[in-house]
Each structure stands twice: as C-alpha cells, then as structure tokens.
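1. attaching a predicted model along with its sequence, questions to come.
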Amino acid sequence: MALVKDEKQADLEASLGSSPVSPHEAIDRSRNTNPISLSFSDINYSIEIPDKKTKTVATKVILDNIHGNAKAGTMLAIMGPTGSGKTSLLNVLANRLTRTKNASLTGEFLCNGKQINASAFARLTSYVMQDDAMFAALTVRETLLIAAHFQLPKTLSLAEKENYVDSIIAELGLNKCKDTIIGDAKVRGVSGGERKRTNIGVELIKNPSVLFLDEPTSGLDSFQAQSVMSAMRNLSENGRTVVASIHQPRSSIYLMFDQLLLLAEGKCLFFGPATDAVSHFAAQGHKCPTNYNPADFFMDVVSPDYRSKELEESSLGRIKSLGEAWDANAASAKQVADNQSFPEIVDAGIQSSWLRQFQLCFYRSFVTTSRDKAATYGKVIISVMFGLILGALYSETGYDQKSIQDRVGILFFFTINQTFSNMFGVLNSFTAEKVVVERERASRSYHISAFYFAKFCAEIPFNFLGPLCFGTIVFWIVGLGNGDAGNFLVFLLLLTSVGFCAIGLGMIIASAAPTTEAANAIAPLFVVLMILFGGFYINIESLPVWLQWVQYLSLMRYAFEGLAVNEFTGAVFSCDDVAEGGVCVETGEEVLDRLSFDMSVPRVFMCLGIFFALEHLVAYTILSLNAKKYMAIEAAKSA
Ligand SMILES: Nc1ncnc2c1ncn2[C@@H]1O[C@H](COP(=O)(O)OP(=O)(O)OP(=O)(O)O)[C@@H](O)[C@H]1O
C-alpha cells in the first residue's frame, strides 16, 4: 500500500527549491518557499497517576507508539472519537504539549529529516487552537493588521500589509464583519464562527510553512466549515503542510484530506492516504456501506461504547484487534519517512524591531482600555464626585489640635486610595491580556520585555487621571500643605510616584497569578498587609522587632511618611482647643515625631524609586519565567 504521495512530493519540492525567502516572497501566499515535511515515530505519551487510597501508581497511556508523517503540500487529518488522543497528538506535533507532572513523552520527531530548534519551529509554524483568546475591544481588521505588523517583514509598506490583511479577510469570508469588534462575554462582538475564522486569519498572517488546527470546523455551520477547509486546502496545495485534528468531518471535507491518522484509545488504527482507509477497514471485516460518509463509518467502528458491559467489551475488543492489525503495518509506515532529500529550512527570526513591538503592544493595550468608556470616564467622574464629598467633609479642618487627627487620617486615606486604584486597575487588564500574550509568546512573535514596558506605559494615563483629580480637589478644599503651591507640587509628585509603584505591585500579582480570579483573590491580602504596616494603625516603632522588616515591603509606609512629612514640616498648631492641663502639640515636627517618621521628602522619593525598580524587576522576572512550558520529545531509552 502506498502510504504517501512520493511523486507529488518530489515534484513540489523540486519546483519550490530551497533558496532563502525574500521579504516580498514571504507574503506571497500563492506558494510556500520554505516547505517543511514532518515525520514522527514511536510517539509514546503517558502520565503516572498516583492513587492516594491504594498508594499505587497507575500509568495512563494517552498515545501508544504512534508513527506517521505529514508532507509539505498535503493535508493530514487526525481523526478519532472523543478522548482518543487527537489533541494530545496535535500538541505533540506542534510542540505545544503543556508540561505535566509525572508525564513522559518519548519518540522521534523530525522536520525535513532533521531535528529543529523550538524557536525556529514556533516561528515557521502556526497553531490554531479551538478557542484562542483575542483582544475583545479590537475589530477583526485591527486584530489582523496588528498581527501583520508583528509577523511580516518590516521592509513591507503599510499599504502592502493592509492589502495582505484584506486578502485574508476576503479569503476567510470576513468582509461583512471586518469592522466589528471581537467582543467577549461582557460586550457582544462577532459571532462564534466569525471569531473562529478571525482566529485562523491571525495564524495565517505569518504565512506559516506548517499549519496545525485543533477542531477547525467546530462551531461552524456546514457551509462555513466547507469554505474554511477549502481555504486550508488551497494553502496545502501551495506547498504548506496542514495538520488538523477533526472529529467528524462531512464527506466533502473528508475528501479534502490527503492523509488520515485514525486514533482510538491512544492507539493508531490507520495511517495513510485517506482514500485507502475504506479498503483497509474492509480488509479487517468492516465494510463501509455505499453512499456512506467514511468519516461517520470509522467513528461508528472505532468508538468505545460504554452503554453496557457487553457493548463495552465488544467495542474495546474491536478497537484492540484493529490496533493490532495496524501495528503489523507500522514497519512499512516508518520506512516511508526515511530516504527523502529535503530542502534547508530558512528561519528569518522575529520580524519586527523591539521598538515596533513596543508601539504595537502599547497601541493595543491603550485602545483596549480607552474603548471601555464606562470604566475610563466613570473612574474620573467618580473621583471628582468623591473628591468634592471628601473635601466638604474635611472643609472645616484648621490648625487646631483636632485637625491633627483629621490631617493624619486624610493623608492615610490618600495612601490607600492611590495604591488601591492603581493596583486593581492594572490587575484585571493585565491578566486578561496575558492570555493573548501567552499565545503570541508561544509563536515567538515578540520579546516579552516589549509587552511588559508597553503595558506599564499604557496603564499610566487611565489610572492616574482619577486619583490626581481627586487629590487636587481635596488638597485645595481642605487646605492641605498650608495651601502652598510648592507643597501641592510635592504632594502630586508623591501621589504619582505611589501610583507608579502600585501599578508595579499589580503587575507582580498579575504576572504570578494564573487567572484574573486568582489575582483578585490574592491582591486584597497584599493590600491588608500593606495597610497594617503602613504606619497608621500601628506605630512603626511599636512593631515587634522580628516583624519590623515587613514595613520596608509596604508601599503605604513610604507613601504615608512622604505625605506626612510634606504636610507637617513647618506646620504650627494652636492650643486653643486644649483643656487646661492637657497636652498640646504645637508643631508639625512633633506630630512626625509621634508617628516615628524621620525621613526627608527626597529620601522618601529615593525609597519609592528603589521600591519601583525592585518590584518591576520582580514582576518582569516572574512574567518571563512564567511562560507556559512545553514538553520536549525525548528519545526512548533502549531496554
Ligand atoms: N494532562 C493530562 N492528565 C490526565 N489525563 C489526560 C491529560 N491530557 C490528556 N489526558 C487524557 O488523555 C485522553 C486523550 O485526551 P485528548 O484531549 O488528546 O483527546 P481528544 O481525542 O482530543 O478528545 P476530544 O475530542 O474530546 O477533545 C483523554 O482521556 C484525556 O482525559
């Protein structure tokens, strides 16, 4: 049985050649100048699952000795019933199998007959996941255009990139919705099918040599499914390798596939030309009725049936014997992968400069936040209203003894407000963006430092406007800092610096937390600790010696001390409201002494600067290290 189309392959590779790609050729989707054929053998993936009750370890075999290949210019379907291992195999081939504890992945995987480094592989291939995250506030065209700026050579003009994006929009039938936002659970955007096609479009932008698709037709009606798969077929006919896991394709889609790899219970039951599968099954005693969709027929034959003990036994027995029958063929399948001469693989590296990556990430974050008008304007309006209310509440504050408590209270309130609003502001948006960034990182689209700095800068305008309006209103209504313009300037600079630091704290939590929910659950704990060690509820000098170091980790301690020093230095308080024999605090310096605050304002700024640098270093390090880790295929140990 001929397992691959060797002649077709040879013709294709001869016509494509192996010369390096010029930037303009790189987006000529009419052909692929960098063909990549994949071959894989002895792929075994299993996980050891400990049973706490019996204290034993069971080995769950997810992929059992899988062999096959996917040639440039062909489409390979990985088919099988649910739980058969399709996604696992696709992830193995795409080098996107998430690292799992106690899991083992062995075998051999070659690109054009050689091992290839993971970064180059990621850049040359694309992976369309079932439901990839995208920026909800961007339109379909904006999403694709940004992907084009990241992925296409910088030598291309804007018009060329736009033309390219428009051709993908047309090919995927997205013209009708190209100016509609992607949307999410909160804001309605494009439909599920349009979202899926946009998702495919994003991955097509870089003109990959190999395209992996996980269930590309799920969620699409049969017409859309057909048109998406026709587009994939075109890509493969132009020299690309297309590998798709697919559940139950309609017959016209099934016929588009050159190769079929049929899985059940982690075992390969067939690998070879899709057209040969029917005769192989017939030879095993399972004849596909005439005018029957072969895909439906295979699913009926290879699906385990758990409705009763008898049905389970007979279906598993059938799968086992089909697996054994196929194993007898495996040797010939292996042979085909060898003895090929392949062209050199050309990896052009990351296409955009760091500055360009920064601009694109900044633009995306900025636009996403600014389009959330309710949140952006709402923040400012609420801050102004709140400032007026608080100003009215403290408007009678003078320079008598009672005012000392009022002033200390309001300054600590500023500290909490500035920390809270900036920290939580970044928390939600950063965790939401991280999901998209995860995908882009996996395809090595840009440097994570570009995203990190861009995100920090994009957060500033939205998080600062509200608190600064609030601070300004309250400062002047209450008459803080003796109504002195110099004190007001220092006050605003302190609030701004605290805001920068609070964004950093938010970024630490968001970088470390796996989800938005987890980040929101962890953050209040940080805030409470910072409040407790902020110098307001408990005097810094009253802290137990062994806990004193914690104050240095509290942003609020520096913020509060800075605001207090700015407020009280040189202030004079009257003793008119002190009863006879009572204690009178006459100067601001005495207030500072009671609070155990002895830093100068420049020193506070210096501490905030160090705090800022360290926390951003920590956040960036966590984000860098927290990238999704994928399992590498290890060579099987010889017995
Ligand atoms: N990390 C893991 N830990 C434990 N079991 C796993 C893990 N990953 C996969 N499995 C199991 O391996 C089997 C194959 O999973 P996989 O997702 O590859 O199947 P699938 O054919 O893609 O299924 P579906 O069509 O439902 O998506 C399933 O039984 C699944 O529960």
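-> Happy to help now that I have it.

2. how about the residues of the protein near the ligand?
-> Residues of the chain that fall close to the ligand, judged by Cβ under 6 Å from any ligand atom: 47, 60, 62, 80, 82-88, 100, 247. All C-beta atoms are positioned from the backbone trio N, CA, C, and that covers glycine.

3. of those, buried ones?
-> 62, 80, 84-88 (16 or more other Cβ atoms under 10 Å).

4. keep only those of those residues that are in strands.
-> For these, the ones inside strands are residue 62, with DSSP state E as the criterion.

5. low pLDDT regions in the chain?
-> Applying pLDDT under 70 to the chain picks out residues 1-33, 132, 330-351, 637-639.

6. strands along this protein, start to end?
-> Under the criterion DSSP E, the chain carries strands at the ranges 38-51, 56-70, 75-79, 103-111, 125-128, 210-214, 241-246, 259-264, 267-273.

7. of the ones you listed, which approaches residue 354 most closely?
-> Within the strands of the chain, the stretch nearest residue 354 is strand 125-128; the backing value is 22.6 Å (Cβ to Cβ).

8. what's the burial count for residue 205?
-> Neighbour count of residue 205, defined by other Cβ atoms under 10 Å: 25.

9. again but with residue 576, I slipped
-> Per other Cβ under 10 Å, the neighbour tally for residue 576 reads 10.

10. that one and the ligand: what is the separation?
-> 73 Å (Cβ to the nearest ligand atom, to the nearest Å).

11. also residue 425?
-> For residue 425, the distance to the ligand under the criterion Cβ to the nearest ligand atom works out to 35 Å.

12. ok, back up a step: and of the strands of the chain, who's closest to residue 294?
-> strand 259-264 (8.9 Å).

13. tell me the angle the closest one makes with strand 75-79.
-> Calculated by axes from the mean of the first three to the mean of the last three Cα atoms, to 10 degrees, strand 259-264 forms an angle of 10 degrees with strand 75-79.

14. give me the contact list for strand 259-264.
-> Residues outside strand 259-264 that contact it (Cβ atoms under 8 Å, 6 or more residues apart in numbering) are 4, 66, 68-71, 74-81, 84-86, 89, 268-274, 277, 298, 302-304, 319, 322-323.

15. mind running it again at 6 Å?
-> Judged by Cβ atoms under 6 Å, 6 or more residues apart in numbering, the contacts made with strand 259-264 from elsewhere in the structure are 68, 74, 76-80, 84-85, 269-271, 274, 277, 298, 302, 319.

16. ok, stretch 78-85 next?
-> Contacts with stretch 78-85, where a contact means Cβ under 6 Å, 6+ apart, come from 62-63, 86, 89-90, 245-246, 261-264, 266, 303.

17. could you export it as CSV, CA atoms only?
-> Once non-C-alpha atoms are left out, stretch 78-85 reads as follows in CSV (Å, rounded to 0.1, in the frame of the first residue of the first chain):
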residue,chain,number,x,y,z
ILE,A,78,-6.1,13.3,12.9
MET,A,79,-9.4,11.7,13.5
GLY,A,80,-10.9,9.7,16.3
PRO,A,81,-13.6,9.6,18.9
THR,A,82,-13.6,11.9,21.9
GLY,A,83,-10.8,11.1,24.3
SER,A,84,-8.9,9.1,21.7
GLY,A,85,-5.8,11.4,21.9
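
18. any idea how far it is from the chain center?
-> Taking Cα atoms, centre = their mean, to the nearest Å, the mean C-alpha location of stretch 78-85 is offset from the chain mean by 26 Å.

19. quick one: residues contacting the residue nearest to residue 122 when sequence neighbours are not counted.
-> The spatially closest residue to residue 122, leaving aside those adjacent along the chain, is residue 444, at 4.5 Å (Cβ to Cβ, 6 or more residues apart in numbering). Applying Cβ under 6 Å, 6+ apart, we find residue 444 in contact with 119, 122-123.

20. burial count for the residue of the stretch 451-600 of the chain found nearest the ligand?
-> Of the residues in the stretch 451-600 of the chain, the one nearest the ligand is residue 514, at a distance of 15.5 Å by Cβ to the nearest ligand atom. By other Cβ under 10 Å, 10 other residues sit near residue 514.

21. then the one 10 residues further on?
-> Residue 524 is flanked by 11 other residues according to other Cβ under 10 Å.

22. ramachandran angles for residue 266?
-> Phi and psi for residue 266, reported as degrees, to the nearest 10, are phi 80, psi 0.

23. touching, it and residue 62? I think so.
-> Yes. Under the criterion of Cβ atoms under 6 Å, residue 266 lies in contact with residue 62, with a separation of 5.2 Å.

24. chain neighbours aside, what residue packs nearest to residue 209?
-> On the basis of Cβ to Cβ, 6+ apart, the spatially nearest residue to residue 209 that is not a chain neighbour turns out to be residue 36, at 4.3 Å.

25. make sure that neighbour is actually in contact with residue 211.
-> No. Under the criterion of Cβ under 6 Å, residue 36 lies out of contact with residue 211, with a separation of 10.5 Å.

26. in stretch 210-218, what's buried?
-> Taking 16+ other Cβ under 10 Å as the basis for neighbour counts, the residues of stretch 210-218 that come out buried are 210-217.

27. what of stretch 454-470?
-> Within stretch 454-470, the residues that qualify as buried are 454-456, 458-460, 462-464, 466-470, counting by 16+ other Cβ under 10 Å.

28. try stretch 48-68
-> Judged by neighbour count using 16+ other Cβ under 10 Å, the buried positions of stretch 48-68 are 62-68.

29. contacting residues around the residue nearest to residue 560 when sequence neighbours are not counted?
-> Closest residue in space to residue 560, ignoring its immediate chain neighbours: residue 415 at 4.6 Å, by Cβ to Cβ, 6+ apart. Contacts were defined as Cβ under 6 Å, 6+ apart; by that measure residue 415 touches 556, 559-560.

30. please report the distance of residue 415 from residue 608.
-> 12 Å (Cβ to Cβ, to the nearest Å).

31. ditto for residue 386
-> Relative to residue 608, residue 386 is positioned 24 Å away (Cβ to Cβ).
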